[in-house]
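Q: requesting a structural model of the entry that follows:
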Amino acid sequence: MSDETTVGERLRGERARLGYNIRDFAEIGGITKSTQSSYENDKTLPNSEYLNRISAKGAEIFWIMSGSREDDEVREKRAAMYPPEITDFIENYKLCPEAVKASLRAIAADSADKARLEIKEWNKKQREKKK
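A: You can find the predicted model right below:
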């Protein structure tokens with residue numbers, strides 16, 4: 001674990017990075033503001049359900065709990081799985097405030113819906129040509 005910061009300090013930092021106040025982040029995690037404060041002040045450790053919930057909003061759980069960032073080996077494996085523009089997009093996305101992330105997800109979903117419709121129409125035309 002990192003000697004520089006505590007779990008609570010890193011949790012508070014992640015909450016700030018994601019752009020949430022303590023009340024809203026507690027709600028996301030399914031806990032009370034008082035419990036969130038206990039976590040951030042190192043009075044208690046967060047439970048797994050809470051960590052799963054905040055992870056879904058972009059919190060970096062490995063960092064919060066270990067004080068270590070993703071190591072080079074993990075980064076290299078991920079880079080090998082995806083083209084650089086996808087890896088860059090993911091890294092940039094993780095740094096965005098939640099409102100921006102929501103907008104990006106909406107844009108991606110809308111674009112994917114349009115692409116599916118275009119593919120469906122193209123397939124329909126191809127079937128009609130074969131008749």
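
Q: give me the pLDDT for Asp72.
A: Per-residue pLDDT puts Asp72 at 63.

Q: thought Ser68 was touching Val74?
A: No: taking CB atoms under 8 Å as the definition, Ser68 is not a contact partner of Val74, at 10.5 Å. No exception for glycine: its C-beta is placed from N, CA and C like everyone else's.

Q: and the next helix or strand past the lowest-mean-pLDDT helix or strand in the chain?
A: Every helix and strand in the chain was compared by mean pLDDT, DSSP states H and E; the lowest is helix 72-81, with a mean of 71. The helix or strand immediately downstream of helix 72-81 is helix 84-95, counting by DSSP states H and E.

Q: give the buried residues for the next helix or strand after that following helix.
A: Counting by DSSP H and E, the element after helix 84-95 in chain order, helix or strand, is helix 98-130. Buried positions in helix 98-130, judged by neighbour count with 16 or more other CB atoms under 10 Å: Lys101.

Q: where does the residue nearest the centre of the chain land in three-state SS?
A: Nearest to the mean C-alpha position of the chain, by CA atoms, centre = their mean, lies Gly58 at 2.5 Å. Secondary structure, DSSP: H, G, I helix; E, B strand; the rest coil: Gly58 is coil.

Q: residues touching it, list them.
A: Contacts for Gly58 (CB atoms under 8 Å, 6 or more residues apart in numbering) come out as 18, 94, 96, 98, 101.

Q: repeat that for 7 Å
A: Contact analysis of Gly58 by CB atoms under 7 Å, 6 or more residues apart in numbering lists 18, 94, 98, 101.
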